[in-house]
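> need the 3D shape of this:
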Amino acid sequence: MNKPKYKNRFEPIHKDVKEWPLYKLSLKRFEFLQNVKKQSIERIIDTTGDGETLLDELTRVVYLERIRLTQNSWKVDTEDEKIFWSNMRKKVLNLKIDLEKKTLSKAEVREELASIVGRYTSEIAGHFDPNIYGFAKKLVPFGFSRLLNTNVGLKIKKKWNKRFSIDNKINLTGDIELIRSLAKKGTIIMVPTHFSNLDSIIIGWGIHALGLPPFTYGAGLNLFGIRLIAYFMHRLGAYKVDRRKKNLIYLETLKTYSNLVIQEGCHSLFFPGGTRSRSGVIEKELKKGLIGTAIDAQFKNIQKSESTNEDYTKIFLVPVVINYHFVLEAKSLIDQHLKSTGQEYYLVENDEYSTSYRMFKFVMKFLSASSEATLSFGKPMDLFGNKVNSAGESIDKQGKKVDIKDYFMLDNNLNHNQQRNEEYTRLLSQKIVKSYHKYNTLFSSHLIAFAAFGILKKRYRRLDVYGLLRLPEEDRIIEWEEFMYVINKLLTRLETMKAKKKILLDKVFKKNAEEIVNHGLKNLGIYHDKRPLYKTKEGNLNSEDINLLFYYHNRTIGYKLEKYI
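Numbers count the residues shown, from 1 in each chain. Here you go, the predicted model:
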């Protein structure tokens, strides 16, 4: 194992920038984007045809985009958007008139489709600058070491002390050497959980710490409205995902971009939950669109190898669980969850990160906090859920080697079947969710929040969640003895689950129950003005903000632990 002087950092697997897949792609960016546009148009026409149905889709897109600009605009939206969509509306109306006159030109319909796809491609496209990457990888460790450590007033020389480094504050768990080995043999796709806007930065540091070359990733367009973040994201290979746009043309263009990036051998990262978990629950339902692009890319890789007689490039998937004792945006996230009542709605992107200044101020407010984060890397798998060994070979449940090419065969011929691939995508999504729960590292803060809210829920069993959240503070008191009784029951069950490899436990769980609880009380939501859980002068427990307690409680949902309370 080649490890440098820093804890948790590994030697780069490719020391020469010219070997990085993302750098190679940046050298042919124009040709790549032209191919994205071309293939997107082909995929859309395969679905709609190039006549009346396509025109109906263009009409729908223009309508939805004009609604977006008038009712749900963001500051990141470009100034020329209104002009573009106003002009497009006129062109589509003229085409509708031609349709009524039976003089519709399919070529003109395709031309307007090409115009929209071209605009979407330009909006989505990322760019990679190795010089900015080099600067960012030096900046992030310093920034996060200040973020996660105590004593804001440390002397300058202590800023660089190893004891206060990011390496000691972000723990990496998992079969790291296997991931590094696979990154040399094929294309890695990481699929992390998503709780905070800090996730992208933390996972980016984790990728660098593992010695892997930079990944491309889909970042929410709203983040590009923050100048500080946008400056780096524009230059670090991030492509933009606008979740307001749910029309066929945009989604097909986005999926085609992701598909072709993977075919180019670029390691990729996307959050399959689609957005941050508003409730605090680990993702149970995943957005299958981008996951499906990986399966399509694997088919294309195999198809290309058939004509070149070379080995196909294999794609490996790595689930990642990101764990924090506190989530910066927890207050606004849980409020959004409670207001949504489970219905689809447009979220106003006016949170704590809406400007660079507010983000900086937000970060500075808790620089005195002491905490940790953990990146738990799950076992790598192929796109059909099989385990893989260090040689990149797929191993099925019976321990036999399998050639994933067989998954795409029909009557001894390589066959593209969209319905079959969608089923593969569904099964892979289930594997990812299962892996999230298996490789989740439970923190002491998660445990005590789960126990405390669970006790209140059992005590007031006739109340629904909204009734519980309206409890006055005097009715939230939990006696210490009652709490510790529940904690001990939960700890016994968790140790059994850990032995069966159903969950991971943070290192603090090696201590006794009272030490675990005190550690949790020290770390639970330490950023927030009001404490989700605290110890009273009488030695009992109470909550200053029960909504936050509910949010952090939700992190442990999915393990059927409720019956131990």
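> any idea of the mean pLDDT in stretch 179-194?
In this model, stretch 179-194 carries a mean pLDDT of 97.
> please disregard the earlier target; I meant stretch 303-322.
On average, the pLDDT along stretch 303-322 is 94.
> distance between that stretch and the chain's centre?
Remark: stretch 303-322 is offset 21 Å from the chain centroid, using C-alpha atoms, centre = their mean, to the nearest Å.
> cool, stretch 284-299 as well?
For stretch 284-299, the distance from its own C-alpha centre to the chain's C-alpha centre is 14 Å (C-alpha atoms, centre = their mean).
> with stretch 529-536 instead?
Distance of stretch 529-536 from its chain centroid, counting by C-alpha atoms, centre = their mean, is 29 Å.
> check stretch 237-250 too.
15 Å.
> flag every buried residue along that stretch.
For stretch 237-250, the buried set under the neighbour-count rule, 16 or more other C-beta atoms under 10 Å, comprises 237-242, 244-245, 247, 249-250. For the C-beta atoms, the positions are set from N, CA and C on the backbone; glycine is no exception.
> list just the nearest of those residues to R476.
Among the buried residues of stretch 237-250, R244 lies closest to R476 (C-beta to C-beta), at 38.3 Å.
> per-residue pLDDT, the closest one?
On the pLDDT scale, R244 is placed at 94.
> likewise for V61?
98.
> where exactly do the strands run in the stretch 201-350 of the chain?
Counting by DSSP state E, counting those that start in this stretch, residue ranges of the strands within the stretch 201-350 of the chain are 216-220, 238-241, 268-269, 314-324.
> correction: the previous question concerned the stretch 51-200 of the chain.
170-173, 186-192.
> want to throw those into JSON lines with distance to D56 and mean neighbour count?
As requested, the strands of the stretch 51-200 of the chain are exported to JSON lines (distance: least, C-beta to C-beta, whole Å; neighbours: other C-beta atoms under 10 Å):
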{"stretch": "strand 170-173", "distance to D56": "50", "mean neighbour count": "18"}
{"stretch": "strand 186-192", "distance to D56": "35", "mean neighbour count": "25"}
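> with distance to I477 added, can I get the ones you listed in CSV?
Compiled in CSV, these are given as follows (distance: least, C-beta to C-beta, whole Å):
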stretch, distance to I477
strand 170-173, 34
strand 186-192, 37
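> wait, which of these is closest to L491?
Closest among those, using C-beta to C-beta: strand 170-173, at 20.0 Å.
> give the other helices and strands that that closest one contacts.
Using 3 or more C-beta pairs under 8 Å, 6 or more residues apart in numbering; DSSP states H and E as the contact test, the elements touching strand 170-173 are helix 199-209, strand 373-377.
> what's the separation between E52 and L521?
65 Å (C-beta to C-beta, to the nearest Å).
> quick one on the thing from earlier: please work out which of the helices and strands packed on strand 170-173 is packed deepest.
Highest mean neighbour count of the helices and strands packed on strand 170-173: strand 373-377, a mean of 23 (counted as mean count of other C-beta atoms under 10 Å).
> and that one, what's its mean pLDDT?
Per-residue pLDDT over strand 373-377 has a mean of 94.
> again, but for stretch 458-476
Across stretch 458-476, the average pLDDT comes to 95.
> what's the end-to-end length of it?
Taking C-alpha to C-alpha, to the nearest Å, stretch 458-476 runs 12 Å from one end to the other.
> please identify the buried residues of it?
In stretch 458-476, counting by 16+ other C-beta under 10 Å, buried: 468-469, 476.
> make JSON lines out of these and add secondary structure.
Output for these, formatted as JSON lines (DSSP: H, G, I helix; E, B strand; the rest coil):
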{"residue": "L468", "secondary structure": "helix"}
{"residue": "L469", "secondary structure": "coil"}
{"residue": "R476", "secondary structure": "coil"}
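> quick one: E562 from A451, how far?
Taken as C-beta to C-beta, the span from E562 to A451 is 11 Å.
> so E65 makes contact with S86?
No - in this structure E65 lies outside contact range of S86 using C-beta atoms under 8 Å: 10.1 Å.
> that older thread, from the buried residues of stretch 458-476, pick the one nearest E31.
Closest approach between the buried residues of stretch 458-476 and E31, by C-beta to C-beta: L469, at 54.7 Å.
> tell me the contacts of the closest one?
Shown in contact with L469 (C-beta atoms under 8 Å, 6 or more residues apart in numbering): 338, 546-547, 550.
> switch to 6 Å and redo it
By C-beta atoms under 6 Å, 6 or more residues apart in numbering, the contact set of L469 is 546-547.
> endpoint to endpoint, stretch 169-187 covers what distance?
Stretch 169-187 has an end-to-end distance of 29 Å (C-alpha to C-alpha).
> and the next element down the chain from the helix or strand containing E481?
For E481, the element it lies in under DSSP states H and E is helix 480-499. Proceeding N to C from helix 480-499, the next assigned helix or strand is strand 504-505, under DSSP H and E.
> number of residues surrounding D296?
By other C-beta atoms under 10 Å, 21 other residues sit near D296.
> which pLDDT value goes with the residue lying closest to it once chain neighbours are set aside?
Among residues not flanking D296 along the chain, N259 sits closest, at 5.3 Å (C-beta to C-beta, 6 or more residues apart in numbering). Model confidence at N259, expressed as pLDDT, equals 96.
> residues contacting N259?
By C-beta under 6 Å, 6+ apart, the residues touching N259 are 293, 296-297.
> quick one: which of these is nearest G399?
Among the contacts of N259, and counting by C-beta to C-beta, the member closest to G399 is A297, at 27.6 Å.
> next one: the residue nearest to D296 from F30, what distance?
19 Å.
> before we move on, the earlier item: distance to K400 for the helices and strands packed on strand 170-173 - can I get that in a markdown table?
Converted to a markdown table, the helices and strands packed on strand 170-173 look like this (distance: least, C-beta to C-beta, whole Å):
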| stretch | distance to K400 |
| --- | --- |
| helix 199-209 | 32 |
| strand 373-377 | 25 |
